[in-house]
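# just to be clear, the model below is a prediction. Sequence and coordinates:
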Amino acid sequence: MFPLAIGVRVSPRNAPFKVIVPGELCDVLPGQLFKKKLPDVFTGEMVKFAAMRPSDRLDKIKAAVTIWILFTVNVKAQLVLSSLIC
């Protein structure tokens, strides 16, 4: 229903069905690490992002936060977005 939304699977891999919690309902604890290999499709983008000027990175982060806030407000209001403009 929301292919761009981020969810966290909390069910085991061998469960008969997947239990996925929306990312905005989860908290990342201080010091908690992502210990798995970053998927190849994201590695190039991560390197490009890390190589940007700090002010450009900050602008991209602010834009993403704005989109996330709008998305969250629209979901709570039960509005349907036809597409997100990044």
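Done, it's in. Numbering: from 1, shown residues only.
# list the buried residues for stretch 32-50?
Within stretch 32-50, no residue is scored as buried using 16 or more other Cβ atoms under 10 Å. No exception for glycine: its C-beta is placed from N, CA and C like everyone else's.
# equivalent analysis for stretch 61-73, please.
Neighbour counts using 16+ other Cβ under 10 Å place Phe71 of stretch 61-73 among the buried residues.
# report the distance from the top helix by length along the chain to the chain centre.
Criterion DSSP state H: the longest helix present in the chain is helix 54-76. Distance of helix 54-76 from the chain centroid (Cα atoms, centre = their mean, to the nearest Å) equals 11 Å.
# for stretch 33-50, same thing?
On Cα atoms, centre = their mean, the centre of stretch 33-50 falls 13 Å from that of its chain.
# stretch 41-56 now?
On Cα atoms, centre = their mean, the centre of stretch 41-56 falls 16 Å from that of its chain.
# please put the alpha-carbon coordinates of that stretch into CSV.
Output in CSV follows, covering the C-alpha atoms of stretch 41-56 (Å, rounded to 0.1, in the frame of the first residue of the first chain):
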residue,chain,number,x,y,z
VAL,A,41,22.0,-1.0,-4.4
PHE,A,42,22.5,1.5,-1.6
THR,A,43,26.3,1.4,-1.3
GLY,A,44,27.0,3.8,-4.2
GLU,A,45,24.4,6.3,-3.0
MET,A,46,25.8,6.2,0.5
VAL,A,47,29.3,6.9,-0.8
LYS,A,48,28.1,9.8,-2.9
PHE,A,49,26.1,11.2,0.0
ALA,A,50,29.1,11.0,2.3
ALA,A,51,31.3,12.8,-0.2
MET,A,52,28.9,15.8,-0.5
ARG,A,53,29.7,19.1,1.1
PRO,A,54,28.3,19.2,4.7
SER,A,55,25.9,22.1,3.8
ASP,A,56,24.6,20.1,0.9
